[in-house]
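Trainee: Sequence and predicted model, in that order:
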Amino acid sequence: DVKVTQSSRYLVKRTGEKVFLECVQDMDHENMFWYRQDPGLGLRLIYFSYDVKMKEKGDIPEGYSVSREKKERFSLILESASTNQTSMYLCASSLLRIQETQYFGPGTRLLVL
Amino acid sequence: ELKVEQNPLFLSMQEGKNYTIYCNYSTTSDRLYWYRQDPGKSLESLFVLLSNGAVKQEGRLMASLDTKARLSTLHITAAVHDLSATYFCAVRPSIIQGAQKLVFGQGTRLTINP
């Protein structure tokens, strides 16, 4: 069974704080992804990574950075949190094969005050 | 730029009825995915459709793909309350250095009333 875990289910931070969201998968997947989910907008890709230390910008990377130092772990960093980054953040992973589906973590609901 | 649109965005239906959710996408792709999300939960993979004419069924849900029309449908047969959830389709526009980037639709919130 694929398991994708995220470090927190709920987070409350203040504007300007640096925020770290951690994601760990236990299935040796090459690909990892960070999305944010907002009502009416579906899921939007922030960053993804297809290998250790490799990263690619998604559709909305502004205000975010990522780190992948180990294959199983992918971190999302908000350098200076802003209220418009209040959202649900979902991590996902998948195998390298192109037909493989993505497996999602439980999500982190972030509130920036 | 690939755009993925679902309709309807909200659907309320009675148990026992049939209905269809539509997923249109704007550029060529032959990989389409359907996911389910229960309230407060994460996304669960339902179907992966890999070629034109592909049809997959699981219980009361059936998904199909028409790559020429750039359309996928998720058909619900004789709906039951347990199928209440938000359903997302997602399309893969291209392979970028091996990664599997997906573009998601807005989601269809389905409510099935007894």
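Mentor: The structure has been received and is ready for your questions.
Trainee: all strands for chain A, in order.
Mentor: Counting by DSSP state E, chain A has strands at residues A:4-6, A:10-13, A:19-25, A:31-38, A:42-49, A:56-57, A:64-70, A:73-78, A:87-94, A:103-104, A:108-112.
Trainee: And for chain B?
Mentor: Using DSSP E, strands in chain B cover B:4-7, B:10-14, B:19-25, B:32-37, B:43-49, B:55-58, B:61-66, B:71-76, B:85-91, B:95-96, B:99-100, B:103-104, B:108-113.
Trainee: Tabulate the ones you listed (CSV), appending mean pLDDT, distance to residue A:8 and mean neighbour count.
Mentor: Every C-beta, even on glycine, is put in place using the N, C-alpha and C of the backbone. Listed next are those as CSV, based on pLDDT from 0 to 100; distance: least, C-beta to C-beta, whole Å; neighbours: other C-beta atoms under 10 Å in any protein chain shown:
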stretch, mean pLDDT, distance to residue A:8, mean neighbour count
strand B:4-7, 95, 29, 18
strand B:10-14, 93, 30, 13
strand B:19-25, 96, 32, 19
strand B:32-37, 95, 19, 24
strand B:43-49, 94, 18, 20
strand B:55-58, 94, 32, 12
strand B:61-66, 96, 32, 20
strand B:71-76, 96, 32, 19
strand B:85-91, 95, 22, 25
strand B:95-96, 54, 29, 12
strand B:99-100, 59, 25, 24
strand B:103-104, 90, 23, 22
strand B:108-113, 95, 26, 17
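Trainee: What number of neighbouring residues does residue 18 come out with?
Mentor: Using chain A. Residues within reach of residue A:18, counting by other C-beta atoms under 10 Å in any protein chain shown, total 10.
Trainee: Please refer instead to chain B.
Mentor: Neighbour count for residue B:18, taken as other C-beta under 10 Å: 11.
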